[in-house]
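S.K.: I'd like to go over a predicted model; first the sequence, then the structure.
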Amino acid sequence: MKNTKRRIHQGIFRYCMLAVAFLLPVSGRYVPPFIGLMFLNWIVEGRFRQKFRLVASSRMRQFTLLFGLLYLLYLAGLIYTSNFEYGLFDLQVKLSLVVFPFLFATMDGEHFSGPRRIQLLRFYIAGCLAGSLLFMGRAFVETEFHHAINAFFYGSLSWYFHSSYLSMYYNFAVAVLLGHLITVEFRRKTVVYFAETALILWFIILVFLLSSKAGILTLGGILLFYSGLLIFKRKQLLPGIIILVLGAIIFYTTSRLLPAPFERMEYAGEVIRSDPGNKSQSTESTGERLAIWKASSEIIREHFLIGVGTGDVKDSLYGKYSENKMYPALVRKLNCHCQYLQTFIALGAAGFLVLVLMLALPAIQAVRRKDNLYLVFLGIFAFNILVESMFETQAGVMFYAFFNAFLFVSMGTADRLSAEHADPEES
């Protein structure tokens, strides 16, 4: 009876994980109920002594719990905040930062084995594909029946997602597929080879259509990473060069067929080189960011040690916008567009340091354990939060908290089979 009950709870937890992985790139609004079900299932299952023994017996699980430290700092930031109501709302948005590390650190290792890891990543790829078909289908309808302009481009294509977030999702999908593709033996896995190649090209096209500057740069970084991995680490010169050449061809061809993303990047460069005094009134995304970062740095200097508190970040920014006569940013009530600065303003030097260590220390572990996918994931997220405050929305928080905790625990699970050697059919 106990074994049957345990299998039921383990099954609920597993299918909730798969549902979260699938739904994240489709519609984040449906993810919180599954997170709640996972936590409720964890409580109803009981076995608390066994769960905490798992944590006590594994350093990796203990380190997983430390990912919740940033959330605890935000919780402490309520003590000295003025806008307590917004602080509580902010904690609700960021709740995944502590929930996923806690759940994954206390669950059985079977959920994080090699075959389970592959299965979950497949569900994520399936979710990316399903979501992309939904977005493209809507763009087609808008163009065909409502004569919409640019329905296949930028924010119009991403619909209820920010284009930068959706680009990040698809870039991670490219990293997952490319990481597996370079390990597949062509003659034995021909169908898998062509299917994954087609999916990679599909997601690359979507990244260019979404026209996020950070997304395009991230994509280039992923292609360079895997080509460098093949050339310098695995001594596979020809495959590495092929990835480089194909990447160059894709970027060149896209710049001719879809020039808009590259025109945005070129214009961004002109804005960066322009007179700093003009940026405060700029409505171009790069100009706005530069002006906002300058205003943010002024707030940081004034509240360096402990920040302004969890709930006062926006009020401090709006006050600085008004002081610096940054009226476009004030009217649109923009955040820092950089999570490092956003956290620094809220929590001071300690919060900034914890955020950096949350990314740097796991990256070191990923290098040591040769977990290339986790390393790429951390790189993707670390770069994207340079230009977006991704912990200020659930779309960013849930993506990071879920995959970061999952990949970290699976990296440390003793019985994990390497995704580079496991047979996909096993899962």
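M.R.: Received the coordinates, thanks. Numbering: from 1, shown residues only.
S.K.: only C-alpha atoms for contact and neighbour calcs from this point on.
M.R.: Fine.
S.K.: for this protein, what's the longest helix?
M.R.: helix 114-146 (DSSP state H).
S.K.: which secondary structure elements does the very next helix or strand once past that helix sit against?
M.R.: Scanning forward in sequence from helix 114-146 by DSSP states H and E, the next helix or strand is helix 154-158. Counting by 3 or more Cα pairs under 8 Å, 6 or more residues apart in numbering; DSSP states H and E, the packing neighbours recorded for helix 154-158 are helix 114-146, helix 163-181, helix 190-210.
S.K.: got a list of contacts for helix 154-158?
M.R.: Helix 154-158 is contacted by residues 135-136, 139, 150-151, 161-163, 166, 209-212 when judged by Cα atoms under 8 Å, 6 or more residues apart in numbering.
S.K.: one more time with 10 Å, if that's ok
M.R.: Contacts with helix 154-158, where a contact means Cα atoms under 10 Å, 6 or more residues apart in numbering, come from 131-132, 134-140, 142, 148-152, 161-167, 206-212, 260-261.
S.K.: filter these to the buried ones?
M.R.: Applying 16 or more other Cα atoms under 10 Å to the contacts of helix 154-158, the neighbour count classes 131-132, 134-136, 138-140, 142, 151-152, 161-167, 206-212, 260-261 as buried.
S.K.: isn't L23 up against G127?
M.R.: Yes - contact criterion Cα atoms under 10 Å: L23 and G127 qualify, at 6.0 Å.
S.K.: quick check: L54 vs N324, distance?
M.R.: 53 Å (Cα to Cα, to the nearest Å).
S.K.: higher neighbour count, those two?
M.R.: L54 (18 against 15; other Cα atoms under 10 Å).
S.K.: list the contacts of the more buried one.
M.R.: So L54 contacts F48, R61, Q62, A105, T106, M107, D108, G109 (Cα under 10 Å, 6+ apart).
S.K.: count the neighbours of the fifth one for me.
M.R.: By the measure other Cα under 10 Å, the count of residues near T106 is 21.
S.K.: please apply the same query to the last one.
M.R.: Residue crowding around G109 was assessed by other Cα under 10 Å; the count is 18.
S.K.: ok, the first one next?
M.R.: Using other Cα under 10 Å, F48 has 12 neighbouring residues.
S.K.: doesn't W42 make contact with it?
M.R.: Yes - if you go by Cα under 10 Å, F48 and W42 touch, sitting 9.0 Å apart.
S.K.: report the separation between the residue lying closest to T143 once chain neighbours are set aside and A295.
M.R.: Using Cα to Cα, 6 or more residues apart in numbering and skipping residues adjacent in sequence, the residue nearest T143 is A151, 6.2 Å away. Taking Cα to Cα as the measure, A151 and A295 are separated by 34 Å.
S.K.: mind listing the shared neighbours of F48 and W42?
M.R.: With Cα under 10 Å, 6+ apart as the test, F48 and W42 both reach T106.
S.K.: single out the most deeply packed of the helices and strands packed on helix 154-158.
M.R.: helix 163-181 (a mean of 24; mean count of other Cα atoms under 10 Å).
S.K.: next helix or strand past the helix or strand of the chain with the lowest mean pLDDT?
M.R.: Scoring the helices and strands of the chain by mean pLDDT, DSSP states H and E places helix 260-273 at the bottom, with a mean of 70. Where DSSP H and E defines the elements, the next helix or strand beyond helix 260-273 is helix 285-302.
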